[in-house]
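>>> got a sequence here, can you build the structure:
(2 chains)
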Amino acid sequence: MDDYREAVLVMAPNGRADRVRSWLEQRDLTVVPIQAGFLLTGSTKVFSKAFHSDAQKLTGPAKLPIPDDLTEDVLSIEIPRPRHLMKKP
Amino acid sequence: MRNPVLPRLIDSDDVLPDEVQGYISVRGPESVFDKPAKAFSAASKAYHAKKGDRDDVRRNIEKSGFSVMAESPLGFAVAAPAPAYEEISRGKMVTRELWTRIAPGVHRYVTRVDLIGNNQPQALGLGSATGRAAKIDGIVLEKPRYTHGARPMADPSPIPPNSPKFHLTVPTGVGTALNASPLHQQGIRGENVSVAMVDTGHYKHPFFLAQGYNLKPTLTAIPGVNPGKDPGAHGTGESANIFSAAPGVTFQGIRASKTGSDLLAAFGGFVMAKNLEPKPRIITCSWGTDYDYPPAPPWKWVDEADKALALEIKHAIEQGIVVIFSAGNGQFGPEPQVSGVISAGGVYMSPRGSLWASDYASGYESPWFGGVRVPTICGLVGMLPRAQYIMLPVPSGSQLDVSESQDDPEEVGDGTSPRDGWALFSGTSAAAPQLAGVSALILGVKPNLKPAQIMEAMVKTATDITSGTCHPRFGHSASVGPDLATGAGMVNAKAAVEYAQQKF
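The predicted structure follows:
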């Protein structure tokens, strides 16, 4: 898979998880439940299309715009900071 | 000559190719496969199939999804995805690794495709067909062939090369320095304790095979990535530290990288490890991120994504999983600061056995989690500039094999070849899996202990470090008692296990 990405979606306190999940899966994102909400994974192309973001803006750390359909259910969607191996300082 | 310490045939973590090349033999008056090669009839005509039978077989295999590339009176050269072969054979297609002579004096494990199942022949790469495909005499799966050009690369030796630099070896040198060897002699080896390591992947280096370690097939957090390869080499190398402490563990590698040292799926890899069934007893991670230090006021979390990861880590610990993160090699990141995590710092053991704080390792008080100090405790780590300290197994010619062998402006290379499958490195990346191994030794004798008790056993029995300073970014000195350079000090495997046996 080219340009694999992962993002963290944090649910609002009374957010409707089923609705959010369904919205994301309809857009070909892979969705894994986590404590805070969902971990989203997919290609850059899938992310770009789902969140109307340029590929360049999909490098962490980055906040993604919350789609209008999900504003009541979602607090934030973020691409995490890059992780590095603890080999070199 | 076959290396006597390596098994001839092993399971492979390699994925099946999208399309498998093969040959389908159609049954003639005599079977090609029923007799040993010496008993072959003089002329091939004895095996020629009837035209009607060939047409029948061709129709059937094409219906199953085969492409016929060429036809002869004996059979068909074909290509098809694995499910097509499985349909006509009613077997299961798998990959295996066969120790193979690929050129004079050059041997390596070669990935082979095989059909297995109750009705399948024992011979590797050979299948049989049943049902409507019964006129098939045999299914031969293509094996790799080699050009007689440049000398191909052999698999690395299971035995490490020497280096002019002072270093520790795996498993013996590291096991001894951790004081784990006396436990191994008593039969305490972390037997069957499951350890998951989220990293660049895990390659079945002959070192692991020769030692007979228990490796589960590697999983990948990124779809489409080959779990049998580790181009970054870091996961393969650093995992040897676990086995040096606890040779009996069951190891589960999780590949979170795509092409090398990137960790595009670090978060997903951690969640995958945590969600494994059965749950691992230990998760070890030799990676992290880096924030400004000290963080600018107000000292609050900036990234929601990092908060979410911290929550996942806490949840794993609450479920009884021991979670270990590297403290960092000068980095300042959230993962080792999560309360309940065992954060792994660095202590250097000199050629004469003296111990001091490694200036390669991070050490600080957490501004985010009250009362948390990083590191919790230390494993063995080299010194600046390169921490070339432990001879570790890596895929031949991989990024680490090459980079560590080369000189850099501050220090010469490790004295090994860039294609020998061994490299000298460490970092707190090495300390975390060492602590994972010691945790496994404790769980091996006290399987019901909680993560906090494992941490207590290691902390209470650590060897106090009183000299040296941690990474200059933080600049803390080791002193009598717990300190920010080395935490509780250097882990002592034997003392930690004995403490757990007596206290809990």
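>>> contacting residues for residue 12?
Went with chain A since none was named. A:Glu72, A:Asp73, A:Val74, A:Leu75 (C-beta atoms under 8 Å, 6 or more residues apart in numbering or on different chains). Every residue, glycine included, has its C-beta placed from N, CA and C.
>>> hmm, I had chain B in mind actually
B:Val94, B:Thr95, B:Arg96, B:Glu97, B:Thr111, B:Arg112, B:Lys204, B:Gly228.
>>> SS state for the nearest residue to it once chain neighbours are set aside?
Closest residue to B:Ser12 apart from its sequence neighbours, by C-beta to C-beta, 6 or more residues apart in numbering or on different chains: B:Thr95 at 3.9 Å. When classified by DSSP: H, G, I helix; E, B strand; the rest coil, B:Thr95 comes out as strand.
>>> run a quick neighbour tally on B:Thr95.
The number of residues packed near B:Thr95 is 17, by other C-beta atoms under 10 Å in any protein chain shown.
>>> next: B:Lys135.
17.
>>> swap in the one 3 residues further on?
Here the number of neighbours of B:Gly138 (other C-beta under 10 Å) works out to 20.
>>> give me the longest helix you can find in chain B.
helix B:428-445 (DSSP state H).
>>> so the next helix-or-strand element following that helix versus helix B:428-445, what angle?
Sequence order places helix B:451-460 as the next helix or strand after helix B:428-445, per DSSP states H and E. Direction vectors for helix B:451-460 and helix B:428-445, defined by axes from the mean of the first three to the mean of the last three C-alpha atoms, to 10 degrees, enclose an angle of 110 degrees.
>>> from the chain's centroid, how far away is helix B:451-460?
With C-alpha atoms, centre = their mean, to the nearest Å as the basis, helix B:451-460 stands 26 Å off its chain's centre.
>>> so what's the residue count around the nearest residue to B:Asn162 once chain neighbours are set aside?
Nearest non-adjacent residue to B:Asn162, counting by C-beta to C-beta, 6+ apart: B:Gly415, 7.7 Å away. Applying other C-beta under 10 Å, we find 15 residues neighbouring B:Gly415.
>>> and for B:Gln211?
16.
>>> for B:Gly117, same thing?
B:Gly117, neighbours per other C-beta under 10 Å, totals 14.
>>> in stretch B:176-192, what's buried?
Residues of stretch B:176-192 classed as buried: B:Thr176, B:Ala177, B:Leu178, B:Asn179, B:Ala180, B:Ser181, B:Leu183, B:His184, B:Ile188, B:Arg189, B:Gly190, B:Glu191 (neighbour count, 16 or more other C-beta atoms under 10 Å in any protein chain shown).
>>> which two from the contacts of B:Ser12 end up farthest apart in space?
B:Val94 and B:Lys204 (15.0 Å; C-beta to C-beta).
>>> between these two, point out the one with more neighbours.
B:Lys204 (24 against 16).
>>> look up how far chain A lies from the more buried one.
Computed as C-beta to the nearest C-beta, to the nearest Å, the B:Lys204 to chain A distance reads 20 Å.
>>> one more: B:Lys314?
Taking C-beta to the nearest C-beta, one finds B:Lys314 at 8 Å from chain A.
>>> quick check: that residue vs B:Val341, distance?
9 Å (C-beta to C-beta, to the nearest Å).
>>> of those two, give the one with the bigger neighbour count.
Neighbours were counted for B:Lys314 and for B:Val341 using other C-beta under 10 Å; B:Val341 has more, 28 against 16.
>>> got a list of what residue 81 touches?
Let's take chain A. A:Gly60, A:Pro61, B:Thr289, B:Asp290, B:Asp303, B:Ala305, B:Asp306.
>>> wait, chain B was what I had in mind.
B:Asp18, B:Glu19, B:Val20, B:Gly65.
>>> change it to 7 Å
B:Asp18, B:Glu19, B:Gly65 (C-beta atoms under 7 Å, 6 or more residues apart in numbering or on different chains).
>>> do the same with B:Lys314
Residues in contact with B:Lys314 (C-beta under 7 Å, 6+ apart) are B:Val338, B:Gly340.
>>> part of a strand, is it?
No - counting by three-state DSSP, B:Lys314 falls outside a strand, being helix.
>>> mind checking how far the residue sitting nearest the centre point of chain B is from chain A?
Most central in chain B under C-alpha atoms, centre = their mean is B:His202, positioned 2.5 Å from the mean C-alpha point. Counting by C-beta to the nearest C-beta, the gap from B:His202 to chain A is 14 Å.
>>> would you map the helices across chain A?
A:17-26, A:44-51.
>>> buried set for the first one?
Within helix A:17-26, the residues that qualify as buried by neighbour count (16+ other C-beta under 10 Å) are A:Val20, A:Arg21, A:Trp23, A:Leu24.
>>> of all the buried residues of stretch B:176-192, which two lie farthest apart?
Every pair of these checked by C-beta to C-beta; the farthest is B:Ala177 and B:Glu191, at 21.8 Å.
>>> low-confidence bits of the chain, can you list those?
If you meant another chain, say so; for now it's chain A. A:1-2, A:87-89 (pLDDT under 70).
>>> wait, I meant chain B there
If you take pLDDT under 70 as the line, chain B has these spans: B:1-4, B:35-42, B:132, B:146-152, B:298-302.
>>> what parts of it come near chain A?
Counting by C-beta under 7 Å from any C-beta of the partner chain, the residues of chain B lying close to chain A are B:222-224, B:234, B:258, B:261, B:263-268, B:271, B:286-289, B:303-306, B:308-309, B:311-312, B:315, B:326, B:328-330, B:360, B:425, B:427-429, B:471.
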